[in-house]
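Colleague: Sequence first, predicted coordinates after that:
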Amino acid sequence: MNLERNKIDDAMRLAVSDMKRKHAEICKGGGKKSMEKAKAQGKLAPRERIKYLIDKGTEFTEIGSFAGYDMYPEYGGCPAGGTVAGLGYVQGRQCVIVANDNTVKAGAWFPITGKKNLRLQEIAMENHLPVIYLVDSAGVFLPMQDEIFPDKEHFGRIFRNNAQMSAMGITQIAAVMGSCVAGGAYLPIMSDETLMVEGNGSIFLAGPYLVKAAIGETADQQNLGGAKMHTEVSGIADYKFDTEQECLDQVRRIMDKIGEQPRCGYDRVKPAKPAGDPNDIYGYVSVANNKQYDVVDVIKCIVDKSEFDQFKEDYGQTIVCGYARIDGWAVGIVANQRKIVKSGKGEMQMGGVIYNDSADKAARFIMNCNQKKIPLVFLQDVTGFMVGSRSEQSGIIKDGAKLVNAVANSVVPKITIIIGNSYGAGNYAMCGKAYDPRFIYAWPNAKIAVMGGEQAAKTLLQIQVASLKKKGEVIDPEKEKEMLKEITDRYDSQTSAYYAAARLWVDEIIDPAETRSVISEGINAANHSQSEREFKTGVFQV
């Protein structure tokens with residue numbers, strides 16, 4: 001490895017280390033005091049519950065751990081959106097697991113909590129995966145009720161999805177290990193089976209204080225909605241247990257007896273490791289996203305035997321397309337090329353930019369993968385489409401629209417990894433969040449924005465300066481420099497991977513070395529889904 005690659009490697013490893021440090025802080029939930037209080041009540045932490053539940057020797061693929069990151073400072077924050085969730089294996093069956101974190105505001109639902117839970121239900125519905133809810137929540141966070149209660153993407157949508165999933169034949173199991181209050185009480189009851197932990201678990205529409213205020217009745221929590229009452233009197237719950245461990249053991253026994261569902265049939269052979277050292281992946285993409293590199297080198301760190309069959313290798317070279325296998329799964333890869341290349345016309349083309357020919361090539365390749373029933377993997381490091389009079393006259397909008405059309409109408413699973421920049425319409429064309437990837441992940445260096453920070457800051461500065469000059473203000477060069485720095489800093493903070501992950505624009509920030517495993521888990525999940533609809537592109541200009 002040369003000196004330049006050593007520097008890139010070191011910087012990426014530091015970025016990964018920083019990401020893992022941040023994640024470790026998130027794992028502390030509501031803090032030591034809240035954790036100790038829960039433990040005194042006989043409760044496990046949410047991640048401890050999940051670890052106990054999943055099969056020994058298997059990994060839990062967490063989703064949304066950075067949800068809510070640096071959000072809601074006025075309320076003390078909301079680590080992981082107050083919910084720990086992801087993909088895990090229970091009795092050999094891949095499941096979606098959603099666990100409330102009662103150490104974060106008693107598991108109350110912030111706006112981001114609702115968005116995260118809906119995302120996990122979306123994953124379950126798209127991929128036809130069983131869902132296990134580990135319930136321990138005080139319901140809606142009342143100070144923000146107007147942002148979580150009534151809309152289509154708010155709290156109530158959860159129960160609509162419960163009903164829809166049940167109709168789709170998707171198994172839902174709810175283990176109630178703490179509070180389950182008000183509207184939240186519907187979630188376990190709309191699940192297929194409801195388990196409760198005696199003493200801690202409770203389900204009711206109104207707690208003791210509200211009952212007293214509303215009708216004057218004095219009732220304690222267990223008489224209102226405890227496990228004994230719901231299993232012996234109301235009949236709402238199906239099982240009761242003395243401990244959380246016994247409750248989770250029963251969840252495993254239920255999962256053990258679920259019948260097999262039809263699979264989509266995506267091709268998989270015996271997995272093979274990449275030919276070289278997979279850790280070489282750290283040495284190609286700079287943390288600042290400002291160095292040239294050959295994306296084929298990155299691909300070879302991810303795919304089986306480092307074998308990659310390029311499609312139209314010498315045409316449209318700022319997008320690389322080709323077939324490979326990842327952990328045995330057949331995939332079609334669409335990746336932005338960041339090195340400067342020559343076009344067939346002898347012109348130099350900038351890396352990371354989508355040109356007419358590369359857009360045309362990628363659209364054709366996506367159609368091929370849909371024809372062959374091959375899942376698609378997008379590796380994003382894109383600064384946008386080529387601009388300027390020459391590109392416009394060549395029909396860049398037409399060719400870009402063709403690519404966007406193919407991505408939007410693709411019916412095979414799409415998994416997106418943002419390994420660098422993700423700017424403007426390039427985000428759309430390379431299957432950003434708005435284009436329904438089954439899963440979307442980001443490396444720690446990822447940046448997502450309508451345009452690069454430098455261009456955006458200069459554009460915004462010009463607008464601000466023009467506005468001030470209209471008002472008669474004189475802007476000296478020093479003041480202009482200060483304004484530019486302020487705009488740049490603000491803009492850069494809003495383009496980081498953490499800002500995106502906090503708002504669930506991406507499902508998770510990952511270590512680049514995990515890229516191969518998250519893609520494999522994603523395709524395995526997608527393979528559980530029902531058969532695909534017919535692939536149609538509709539009308540586009542030729």
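Modeller: Arrived safely, thanks for sending. Numbers count the residues shown, from 1 in each chain.
Colleague: Tell me the buried residues in stretch 404-422?
Modeller: Across stretch 404-422, burial judged by 16 or more other C-beta atoms under 10 Å covers 404-407, 409-410, 412-422. Yep, even glycine has a C-beta here, placed from its N, CA and C like the rest.
Colleague: If you could redo that for stretch 344-357, that was the one I meant.
Modeller: Result for stretch 344-357 [16+ other C-beta under 10 Å]: buried residues Gln349, Gly351, Gly352, Val353, Ile354, Tyr355, Asn356, Asp357.
Colleague: cool, stretch 260-274 as well?
Modeller: Here stretch 260-274 shows Cys264, Tyr266, Arg268, Pro274 as buried, counting by 16+ other C-beta under 10 Å.
Colleague: who's sitting farthest from the centroid in the chain?
Modeller: Gly472 (47.8 Å; C-alpha atoms, centre = their mean).
Colleague: Is that one within a helix or a strand, and which one?
Modeller: Assigned by DSSP states H and E, Gly472 belongs to no helix or strand.
Colleague: check contacts around it.
Modeller: With contact set as C-beta atoms under 8 Å, 6 or more residues apart in numbering, Gly472 has no partners.
Colleague: Same check on Glu392?
Modeller: No residues are in contact with Glu392 under the rule C-beta under 8 Å, 6+ apart.
Colleague: Now do the helix or strand hosting Glu486, average pLDDT.
Modeller: Here Glu486, judged by DSSP H and E, is contained in helix 477-493. Across helix 477-493, pLDDT averages out at 78.
Colleague: what does stretch 209-222 give?
Modeller: 82.
Colleague: try stretch 403-420
Modeller: For stretch 403-420, the per-residue pLDDT averages 96.
Colleague: That stretch spans what distance, first to last residue?
Modeller: 20 Å (C-alpha to C-alpha, to the nearest Å).
Colleague: From the chain's centroid, how far away is it?
Modeller: Here the centre of stretch 403-420 is set off from its chain's centre by 15 Å, with C-alpha atoms, centre = their mean, to the nearest Å.
Colleague: what do you get for stretch 428-443?
Modeller: On C-alpha atoms, centre = their mean, the centre of stretch 428-443 falls 9 Å from that of its chain.
Colleague: hey, C-alpha coordinates of that stretch in PDB?
Modeller: Provided in PDB are the C-alpha atoms of stretch 428-443 (Å, rounded to 0.1, in the frame of the first residue of the first chain):
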ATOM      1  CA  TYR A 428     -32.300   9.900  -7.100                       C
ATOM      2  CA  ALA A 429     -30.700   8.200 -10.100                       C
ATOM      3  CA  MET A 430     -28.600   6.000  -7.900                       C
ATOM      4  CA  CYS A 431     -31.500   4.800  -5.800                       C
ATOM      5  CA  GLY A 432     -31.700   7.200  -2.900                       C
ATOM      6  CA  LYS A 433     -34.200   6.900  -0.100                       C
ATOM      7  CA  ALA A 434     -37.000   8.300  -2.200                       C
ATOM      8  CA  TYR A 435     -36.700   5.400  -4.700                       C
ATOM      9  CA  ASP A 436     -37.600   2.600  -2.300                       C
ATOM     10  CA  PRO A 437     -34.400   0.700  -1.800                       C
ATOM     11  CA  ARG A 438     -35.200  -2.300   0.400                       C
ATOM     12  CA  PHE A 439     -32.300  -1.200   2.600                       C
ATOM     13  CA  ILE A 440     -30.000   1.900   2.400                       C
ATOM     14  CA  TYR A 441     -26.800   2.300   4.300                       C
ATOM     15  CA  ALA A 442     -24.000   4.900   4.600                       C
ATOM     16  CA  TRP A 443     -20.300   4.800   5.300                       C
END
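Colleague: I'd assumed Lys433 was in contact with Val506.
Modeller: Yes. The criterion here is C-beta atoms under 8 Å, and Val506 meets it with Lys433 at 7.0 Å.
Colleague: okay, these two: which has more neighbours?
Modeller: Between Val506 and Lys433, counted using other C-beta atoms under 10 Å, Val506 has the larger neighbour count: 28 against 19.
Colleague: which is the next helix or strand following the longest helix anywhere in the chain?
Modeller: Counting by DSSP state H, the longest helix found in the chain is helix 3-26. Per DSSP H and E, the first helix or strand lying C-terminal to helix 3-26 is helix 32-40.
Colleague: Which SSE is immediately downstream of that following helix?
Modeller: Next in line after helix 32-40, if elements are assigned by DSSP H and E, sits helix 46-53.
Colleague: So which residues of the stretch 251-400 of the chain form strands?
Modeller: 309-311, 319-326, 329-336, 341-342, 348-349, 353-354, 376-382, 384-385 (DSSP state E, counting those that start in this stretch).
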